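Q: sequence and computational prediction follow.
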Amino acid sequence: MIPGYQLPLEPLRAFHLDFGPDWPKGIVSLEPPKVGTPFVVRVPAVDTDGNVRAGIRLPDIAVPLATQSGWNYRDASIGRPDRLAGEIGSYIPFPRTRADRERSGDSRLSIEERYRNKNEYVGKYATATLELVAHGYLLAEDVPDLLRHAAEHYDWATRP
C-alpha cells in the first residue's frame, strides 16, 4: 500500500477510429471520426515496489528509489481527477527512512532499509548498468552519465 495513492478503477481505454476510406492516403473524410470498438487493455504485472516486472529493467527500475508507473490521474484543475490522464506516468518516491515508512503506513521499504548509503546504491546501480551494456541494451559510452544521474538522484531522493 502506498499512502495517498489508489489504483485506477478502470484502465485508460483507446478506441479504433474510422477517419474514412482515404485515411491510408492521409486524407480525413470523416471528422469527427466514427468511434469503433475499444482496443484490448493489458496491464503489466508489478513487483512488490509497484514497478513493472517484465521487459528490460533499466537501472532506475532494477535499483529503485521510487515506484514508477505508466499511469497518473488527471489534475483536479482540468477536471475529472478520478480519471486517468493519457501519456503521463507517475513517480512515487520511497520513504527516506524506516521511521518515515512506519509513520505513513507505506508497505514499500524505505531508501535507508534498501541501501546502507549512497556508495552502496551507486554500486548496485553500476552493476545493473554494466549488465545492460554486456547484453547490448546500453552503450558503454553512456555509463558515466548514468552513474552521475544515479548519484544526483540519490542525493535528491534522500534530502530532508
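A: Nice, thanks for sending it over.
Q: residues contacting the residue nearest to Val52 when sequence neighbours are not counted?
A: Setting aside the residues directly before and after it, Val52 is nearest to Pro44 in space (CB to CB, 6 or more residues apart in numbering), at 4.5 Å. No exception for glycine: its C-beta is placed from N, CA and C like everyone else's. Applying CB atoms under 8 Å, 6 or more residues apart in numbering, we find Pro44 in contact with 52-54, 70.
Q: please apply the same query to Tyr115.
A: Counting by CB under 8 Å, 6+ apart, the residues that Tyr115 touches are 121, 124, 154.
Q: in contact with Asp82: list those residues for me.
A: 9, 73.
Q: how far away is it from Gly70?
A: Distance, Asp82 to Gly70, using CB to CB, to the nearest Å: 18 Å.
Q: gap between the two ends of stretch 66-83?
A: 23 Å (CA to CA, to the nearest Å).
Q: and it, how far out from the chain's middle?
A: Taking CA atoms, centre = their mean, to the nearest Å, one finds the center of stretch 66-83 at 13 Å from the center of the full chain.
Q: in what helix or strand does Asn119 lie?
A: helix 118-134 (DSSP states H and E).
Q: what mean pLDDT does the helix or strand following that helix have?
A: Moving toward the C-terminus from helix 118-134, the next helix or strand (DSSP H and E) is helix 143-158. Taken as a whole, helix 143-158 has an average pLDDT of 98.
Q: all helices of the protein, in order?
A: 59-62, 98-104, 111-114, 118-134, 143-158 (DSSP state H).
Q: who's in contact with the last one?
A: Contact with helix 143-158 is made by 59-60, 63, 65-66, 93-94, 96, 111, 115, 118, 121-122, 125-126, 129-130, 133, 138, as judged by CB under 8 Å, 6+ apart.
Q: what sits against Pro160?
A: Arg96.
Q: do you know how far it is from Arg98?
A: For Pro160, the distance to Arg98 - CB to CB - is 15 Å.
Q: Asp49 now?
A: Asp49 is 16 Å from Arg98, by CB to CB.
Q: any weak-confidence spans in the protein?
A: Residue ranges of the chain with pLDDT under 70: none are present.
Q: how many neighbours does Ala66 have?
A: 19 (other CB atoms under 10 Å).
Q: from Arg98, how far off is it?
A: In terms of CB to CB, Ala66 sits 17 Å off from Arg98.
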